[in-house]
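1. Need a 3D model of the sequence below.
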Amino acid sequence: MRDILQDWKVNTGNTKGRLVLLSFRLAQKIRRAPKPIFWLGIPYLVFYRLLIEWVLCIELPWNTQVGPSLRLYHGMGLVVNDQTVIGRNVALRHNTTIGVKETLPFGTRAAPTIGDDVDIGAHVVILGPITVGSGARIGAGSVVVKDVPEGATVVGNPARVIHIATMPEATCA
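-> Numbers count the residues shown, from 1 in each chain. Prediction:
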């Protein structure tokens, strides 16, 4: 049950985000379940696609790798490719697309990898086999087609770095 509710607390006050992520985590559980349970869960997976994708307009495939504490703000128009890897404590806003730029040969990852603690603004497009480093911030309306360094703030079309936060140095004891 803890797996299914891992995003609940960070979406406090965000009923839609809670509903979407609760549904998403349950669909992930069913998809990974042993065959007898999976077959019994197919009606739920169909319901998930109908409710989340068609009614709420949020494409978050249940086989997408998503870390804990994902936050969805105004999720309408959100499209995430199923090859995308999203780290922990990431914030996604409405009308954002995270996907592939081109179809690559079988077995080649064509979608972005989003690090931990990343904040992605509204109307952002992130495309291709790129990495968005941990702690990065992507401004609203940005189009990201190149790697984003850790702690960077990027804006624009195409996105460019406007600031890099200094990461605290590890202390040796």
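2. Give me the three-state assignment for the residue nearest to Thr103 when sequence neighbours are not counted.
-> Excluding its sequence neighbours, the residue lying closest to Thr103 (Cβ to Cβ, 6 or more residues apart in numbering) is Ala110, at 6.7 Å. In this view, the C-beta of every residue, glycine as well, is placed from N, C-alpha and C. With DSSP: H, G, I helix; E, B strand; the rest coil as the basis, Ala110 sits in coil.
3. Contact partners for Ala110?
-> Asn81, Gln83, Val100, Lys101, Glu102, Thr103, Leu104, Gly128, Pro129 (Cβ atoms under 8 Å, 6 or more residues apart in numbering).
4. Tabulate those residues (CSV), appending secondary structure, pLDDT and distance to Leu19.
-> Conversion of the contacts of Ala110 to CSV gives the following (DSSP: H, G, I helix; E, B strand; the rest coil; pLDDT from 0 to 100; distance: Cβ to Cβ, whole Å):
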residue, secondary structure, pLDDT, distance to Leu19
Asn81, coil, 94, 22
Gln83, coil, 92, 25
Val100, coil, 91, 27
Lys101, coil, 85, 31
Glu102, coil, 77, 34
Thr103, coil, 73, 32
Leu104, coil, 68, 34
Gly128, coil, 93, 31
Pro129, coil, 93, 31
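5. from those, which is closest to Ser142?
-> Gly128 (14.0 Å; Cβ to Cβ).
6. helices and strands of the protein: which one has the lowest mean pLDDT?
-> helix 35-48 (a mean of 90; mean pLDDT, DSSP states H and E).
7. Could you identify the longest helix within this structure?
-> helix 15-32 (DSSP state H).
8. Any idea how far that helix is from the middle of the chain?
-> 13 Å (Cα atoms, centre = their mean, to the nearest Å).
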